[in-house]
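> any chance you can model this:
(one chain, ligands or ions: 1)
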Amino acid sequence: MTTHKKTKNNRTLPAKGVDWLHNPIFNKGTAFTEAERDALGLRGLLPPHVQTMNEQVQRVMNNFRNKSSDIERYIQIVGLQDRNETLFYRVVMDHLEEMMPIIYTPTVGKACQEFGHIFRRSRGMYVSLNDRGHIEKVLRNWPTSDVKVIVATDGERILGLGDLGASGMGIPIGKLSLYTACAGIHPTQCLPITIDVGTNNETFLKDPLYIGLRQKRISGAEFDAFMDEFMTAVKKVFPTVLFQFEDFGNSNAFRLLEKYRDQLCTFNDDIQGTGSVALAGVLSALRVTGGKMSDHRVLFLGAGEAGMGIADNIVTVLMEEGLSKAEARQRIWFVDSKGLIVKSRESLVEHKLHYAHDHAPCADLLSAVKAIKPTMLVGVSGQARTFTEEIVKTVGSFNQRPVIFALSNPTSKAECTAEEAYKWTDGRALFASGSPFASVTLNGKTHVPGQGNNAYIFPGVGLGVVASGAKRVTDSMFVSAAKALAALLREEELAEGRLYPSLKRIHEVSLKIAVAVAEEAYATKLTDQKRPADLVEFIRSQMFKPEYPDYSKK
Ligand code: NAD
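Alright, predicted model coming up:
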């Protein structure tokens, strides 16, 4: 019987020479040393010059920068991930600001739209309607049970791009890459899953290169039964995993979260992660405007997952300031596709009812802005250019420092651009967006727009949950995470107009958030683990570093 050698993390080492090159976890490519080439049977399988990792990084970056489009860059960098994960993470971690818009929004959105056409190699798992009745067996096909984080989507609402069906897989892959790149969750402990329950995307259904099932999306009781089998299987196969719901459609996202959040360690990033990162931006803005949260009136355009997640977190902060829940909710208003959400509107869904106040109807955003006079205007509608010059100027006319967040992704869906927000308010706006915008110079002053990127929050939350062994993810963990993030913003960053720390500091940010989340877990007894004396060091020591081990003695 062959015995397979294992690493100290219980990973099976490749058997013979060429297998080392074809396994992205162990592959070092041209960086295998002379001793390793002898020990592992790699002689003749590689060019003779042994490269350093730095030389490899330089080669990758030269190629990356020479590509003619972002989608080409995406294809290149995901190709590297499939060949050599250590080098991929070294490249991404060392160039995070350059890489983030490629491996995540906005380019990942385009990659999902073209997923079937640019498909090279399968990554993660696809669980489809064809697997009904034996989903547990399918999940057991994953090569390891040592999975710490799952990100799963059913592709119904990918970014602001709508139903992309199985092509939504780019999102769980990208998010998990960020768990590793930003917070050091080990790449082999991450599992992206796409649940294929059909798609209503007519273009995809007609496209011979679409990778998913050719059928309309199932819904109602049939969808619920399928999800139930899937979630039961997840609990059995990966009982302690952190499970992230990602980009589910509005009508399912709230229900699924409510149904499963007490059954396993789970959260929805679109609701809770967004709520947290936007709250951090709001708390940073408060440092500029002065005063308390209760001095503000917030008007949202868009009453979906993101809007509700943000509003609920603001309510928590308002309640900490001493307001009742009802008083807190009174400070928050929503406009959806039918106008201002008011009590007299008929057939409002449950989550909108909480924020339906006594007020005369307003048919559109401009009339709502004039009636409510918000201090903060937050766009989470997925509708491009809906913050018009007149609307932004009107908000600017009530406020010395108007807070304007245009959070819809990708960039093409943003409610306004950074330049517009600054220009229409003579540089007074405190601006944040979902996708990155370049700095804007106006009358000699440079403004650095904030990017309310969920990547500030979910990797750190995940690290805190995984490191502390927390069994549940709570709303208060996300509020603690937001406070930790806002507290990290330096005065000089605030002076540049930033509402979030530079992405260059993401490892420090993720670690601080992880510590805040773990503290919550220990304090609320959500874990059986004992709090280590040096929590920071305990968590830091678990973070993956993209370095090549020496395999010559294996
Ligand atoms: P969702 O589908 O749950 O909600 C969208 C909401 O917008 C719905 O309430 C819908 O009724 C409303 N809407 C649609 N058309 C409208 C119109 N013309 N006028 C007013 N409202 C309209 O989606 P979501 O998860 O809430 O995401 C919304 C947007 O926010 C997306 O573009 C997404 O990419 C973005 N987002 C950004 C971040 C971030 O910046 N960190 C995080 C999550 C989501």
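
> what strand or helix carries V50?
Following DSSP states H and E, there is no helix or strand that holds V50.

> distance check, it against the ligand.
V50 sits 43 Å away from the ligand, going by CB to the nearest ligand atom, to the nearest Å. To be clear about C-beta, it is placed using only N, CA and C from the backbone, and glycine gets the same treatment.

> report how many residues lie close to that residue.
Using other CB atoms under 10 Å, V50 has 15 neighbouring residues.

> residue contacts, the residue nearest to it when sequence neighbours are not counted?
Once flanking residues are discounted, V50 sits nearest to T33: 5.9 Å by CB to CB, 6 or more residues apart in numbering. T33 sits next to V50, D550, S552 when contact means CB atoms under 8 Å, 6 or more residues apart in numbering.

> run a quick neighbour tally on I310.
When counting by other CB under 10 Å, one arrives at 29 neighbours for I310.

> run through the protein and note the low-pLDDT ranges.
Judged by pLDDT under 70, the chain has its weakly predicted residues at 1-4, 6-10, 554.

> how many other residues sit next to the residue of it found nearest the ligand?
Shortest the chain-to-the ligand distance, computed as CB to the nearest ligand atom: residue-wise this is G304, at 1.8 Å. Residues lying near G304 (other CB under 10 Å) number 24.

> identify the residues contacting it.
Shown in contact with G304 (CB under 8 Å, 6+ apart): N250, V380, S381, G382.

> what sits against the closest residue in space to the last one that isn't next to it in sequence?
Spatial nearest neighbour of G382, chain neighbours left out: G160 (3.5 Å); criterion: CB to CB, 6+ apart. In this structure, G160 makes contact with G382, S408, N409, P410, K413, judged by CB under 8 Å, 6+ apart.

> check these one by one and keep those near the ligand.
Residues shared between the contacts of G160 and the neighbourhood of the ligand are G382, S408, N409, K413 [CB under 6 Å from any ligand atom].

> for K483, phi and psi?
phi -70, psi -40 (degrees, to the nearest 10).

> A278 and A306: what is the separation?
Remark: distance between A278 and A306 (CB to CB, to the nearest Å) = 8 Å.

> need the residues touching each of those two.
Applying CB under 8 Å, 6+ apart, one finds that A278 and A306 are jointly contacted by L407.

> what's next to the helix or strand S397 falls within, contact-wise?
In the assignment (DSSP H and E), S397 maps to helix 389-398. Applying CB under 8 Å, 6+ apart, the contact partners of helix 389-398 are 365-366, 369-370, 373-375, 377, 402, 404, 416, 420-421, 424-426, 428-429.

> and if we set it to 10 Å?
Applying CB atoms under 10 Å, 6 or more residues apart in numbering, the set of residues contacting helix 389-398 from outside is 297, 299, 301, 364-366, 368-370, 372-377, 379, 387-388, 402-404, 406, 415-416, 420-426, 428-429, 431.

> and what of stretch 346-357?
By CB under 10 Å, 6+ apart, stretch 346-357 touches 250-251, 253-255, 258, 271, 300, 303-305, 307-308, 311-312, 315, 325-326, 329-334, 336, 338, 340-345, 372.

> which bits of the stretch 401-550 of the chain sit near the ligand?
Counting by CB under 6 Å from any ligand atom, the residues of the stretch 401-550 of the chain near the ligand are L407, S408, N409, K413, G434, G452, N453, N454.

> for R65, what are its contacts?
R73, E98.

> where's A495 relative to L489, distance?
10 Å.

> the more surrounded of the two?
For A495 versus L489, neighbours defined as other CB under 10 Å are more numerous around L489 (22 against 10).

> quick check on the more buried one: phi, psi?
According to degrees, to the nearest 10, L489 has phi -70, psi 130.

> all strands of the stretch 201-350 of the chain, in order?
Secondary structure of the stretch 201-350 of the chain (DSSP state E, counting those that start in this stretch): strands located at 242-245, 266-268, 298-301, 332-336, 339-340.

> Throw these into CSV and include mean neighbour count and distance to D82, thanks.
Putting those into CSV (neighbours: other CB atoms under 10 Å; distance: least, CB to CB, whole Å) gives the following:
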stretch, mean neighbour count, distance to D82
strand 242-245, 26, 22
strand 266-268, 24, 28
strand 298-301, 25, 39
strand 332-336, 24, 41
strand 339-340, 20, 48
